[in-house]
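Colleague: Any chance you can model this:
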Amino acid sequence: MLEIRNLHAGYGKMKVLHGIDLDVGTDEIVALLGSNGAGKSTLNNNISGLYKPISGEISFENIDITGLPSEKVIDLGIIQVPEGRRIFPNMTVYENLELGGYRRGKGIRKKNIEWVVGVFPRLSERFSQMAGTLSGGEQQMLAIGRAMMADPRLLILDEPSLGLAPLLVDEMFTLIQDLNNSGLSIFLVEQNVMQSLEIAARAYVIENGRVVLYGDADSLLND
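Modeller: Here you go, the predicted structure:
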């Protein structure tokens, strides 16, 4: 579904990614593991069209999307939930969800609202509440729900467990697995190694902008 070949990327003269090769297959959870500053979010933002790579190739379902503007990437069904949630705090929960379907998924907004509240029933109780007043866990649910409104084909989750209480972390990973079981392909970018490997099919470990280890999740879990 997603193929990345020899990707080099950075910001201005500062190079962050050095020859990344990575694949995500249909209906898979693939994890990208690494510490802060390893280059995980830079990779996400190049896939999502927020930045243009220096060189290399990114393709999605055999379409070359290297350097494609972010709105065109969204049109193809690649939807990112960014690190830090980045919800709209002064808008209601329902308004945040509506905005998620602004570019893609307009015609099936009602169906996707039902999908979101089926996965996150707590959100339906807070439709009229300002998003900034939600708890951290609820804000993460809203961020993922907003992405679901765009009818994703590939969902990129950037640090979904960051800042959550341990009990909520367990709940979040269960929800991610449930989304995958419903047929959604997921690229999971995390620092939480153990729980990511427990739900992923395959994983890559990134360090200083280079993939230093990759393989099936069970093998890496025992490494």
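Colleague: does residue 20 count as helix, strand or coil?
Modeller: strand (DSSP: H, G, I helix; E, B strand; the rest coil).
Colleague: how far out from the middle of the chain is stretch 179-197?
Modeller: Computed by Cα atoms, centre = their mean, to the nearest Å, the separation of stretch 179-197 from the middle of its chain amounts to 9 Å.
Colleague: Let me fix that, I meant to ask about stretch 56-67.
Modeller: Computed by Cα atoms, centre = their mean, the separation of stretch 56-67 from the middle of its chain amounts to 17 Å.
Colleague: who touches the helix or strand hosting residue 171?
Modeller: Element membership for residue 171 (DSSP states H and E) is helix 166-181. The contact list for helix 166-181, computed with Cβ atoms under 8 Å, 6 or more residues apart in numbering, reads 27-29, 119-120, 136-137, 140-141, 144, 148, 155, 157, 160-161, 164, 186, 188, 192, 195-196, 198-199. Where C-beta positions appear, they are placed from N, C-alpha and C, glycine not excepted.
Colleague: again, 7 Å this time
Modeller: 29, 119, 137, 140, 157, 160-161, 164, 186, 188, 192, 195, 199 (Cβ atoms under 7 Å, 6 or more residues apart in numbering).
Colleague: Just the local confidence number for residue 165, please.
Modeller: Per-residue confidence (pLDDT) for residue 165: 80.
Colleague: Can you give me the distance of it to residue 65?
Modeller: Applying Cβ to Cβ, to the nearest Å, the value for residue 165 to residue 65 is 37 Å.
Colleague: Need the nearest residue in space to residue 201, chain neighbours excluded.
Modeller: Computed as Cβ to Cβ, 6 or more residues apart in numbering, the closest residue to residue 201 that is not its neighbour in sequence is residue 28, at 4.8 Å.
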